[in-house]
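Novice: I'd like to go over a predicted model; first the sequence, then the structure.
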Number of protein chains: 2
Amino acid sequence: MNFSEIVGIIAGCLTTTAFLPQLIKILKDKSAKDVSLLMYIIFCSGIILWLIYGILINSFPIILFNSITFILNFLILLTIIKNNLSQKR
Amino acid sequence: MNFSEIVGIIAGCLTTTAFLPQLIKILKDKSAKDVSLLMYIIFCSGIILWLIYGILINSFPIILFNSITFILNFLILLTIIKNNLSQKR
């Protein structure tokens, strides 16, 4: 593994795990009114395309990192919808 | 340009512009208490490493997309800090 690959792997780990604090914060505070729903809709759509791109060019790191990012982002998307619905009640 | 490259470019456009609605929302609502500061600190660090990776492997799309993503994320980071400070006053 060369230097650039190591930098890429650390970069991928950071931009993937970055979403975990946001998910934990929404679950803990039971509030997501300041979090943009539109951001996560666009981001999840983009990640699905990154996954397709990874499959097309047969890149294991792209498939792996984007699968985890998609799961975390989709969970944030669901918690935003859940919180927005319960706040409207 | 082949099919996989087109998919990659659309994916990059989506995951880059996704942050714009979050930035607009914070500026409009003047509130960011539900937005995780830690998420944007980790994400910005990761994007800096993606930029270094792009420079190391000489990839123009990686440098371009991550430069825009960094600017948007850094602006979100600054607006979160600004709003958190003004709410504490």
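Specialist: Nice, I can see it.
Novice: tell me, which helix in chain A spans the most residues?
Specialist: Secondary structure of chain A read by DSSP state H shows that its longest helix is helix A:60-88.
Novice: What is that helix packed up against?
Specialist: helix A:3-17, helix A:19-29, helix A:37-56 (3 or more C-beta pairs under 8 Å, 6 or more residues apart in numbering or on different chains; DSSP states H and E). For glycine as for every other residue, the C-beta is placed from the backbone atoms N, C-alpha and C.
Novice: please redo it, this time with the cut-off set to 10 Å
Specialist: Contacts defined by 3 or more C-beta pairs under 10 Å, 6 or more residues apart in numbering or on different chains; DSSP states H and E place helix A:60-88 against helix A:3-17, helix A:19-29, helix A:37-56, helix B:3-17.
Novice: residues of it that come out buried?
Specialist: Neighbour counts over helix A:60-88 (16 or more other C-beta atoms under 10 Å in any protein chain shown) mark A:62-63, A:65-66, A:68-70, A:72-73, A:75-77, A:79-80, A:83 as buried.
Novice: Check stretch A:31-42 too.
Specialist: Residues A:32, A:34-37, A:39-42 are the ones in stretch A:31-42 that count as buried (16+ other C-beta under 10 Å).
Novice: Contacts only, for the closest residue to A:A11 other than its chain neighbours.
Specialist: When the adjacent residues along the chain are set aside, A:A11 lies closest to B:L49, with 3.5 Å between them (C-beta to C-beta, 6 or more residues apart in numbering or on different chains). Applying C-beta atoms under 10 Å, 6 or more residues apart in numbering or on different chains, we find B:L49 in contact with A:6-15, B:66.
Novice: now swap in A:L38 and tell me
Specialist: The contact partners of A:L38, by C-beta under 10 Å, 6+ apart, come to B:18, B:20-22, B:24-25.
Novice: try A:I52
Specialist: Residues in contact with A:I52 (C-beta under 10 Å, 6+ apart) are A:63, A:66, B:3-4, B:7-8, B:10-11.
Novice: Kindly reformat the residues you listed as TSV containing pLDDT and distance to B:L56.
Specialist: Conversion of these to TSV gives the following (pLDDT from 0 to 100; distance: C-beta to C-beta, whole Å):
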residue	pLDDT	distance to B:L56
A:I63	92	22
A:N66	95	21
B:F3	94	27
B:S4	91	22
B:V7	95	24
B:G8	92	19
B:I10	95	25
B:A11	95	21
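Novice: Turn those into JSON lines, including distance to A:I57.
Specialist: Below are the contacts of A:I52 laid out as JSON lines (distance: C-beta to C-beta, whole Å):
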{"residue": "A:I63", "distance to A:I57": "10"}
{"residue": "A:N66", "distance to A:I57": "12"}
{"residue": "B:F3", "distance to A:I57": "10"}
{"residue": "B:S4", "distance to A:I57": "5"}
{"residue": "B:V7", "distance to A:I57": "9"}
{"residue": "B:G8", "distance to A:I57": "8"}
{"residue": "B:I10", "distance to A:I57": "14"}
{"residue": "B:A11", "distance to A:I57": "12"}
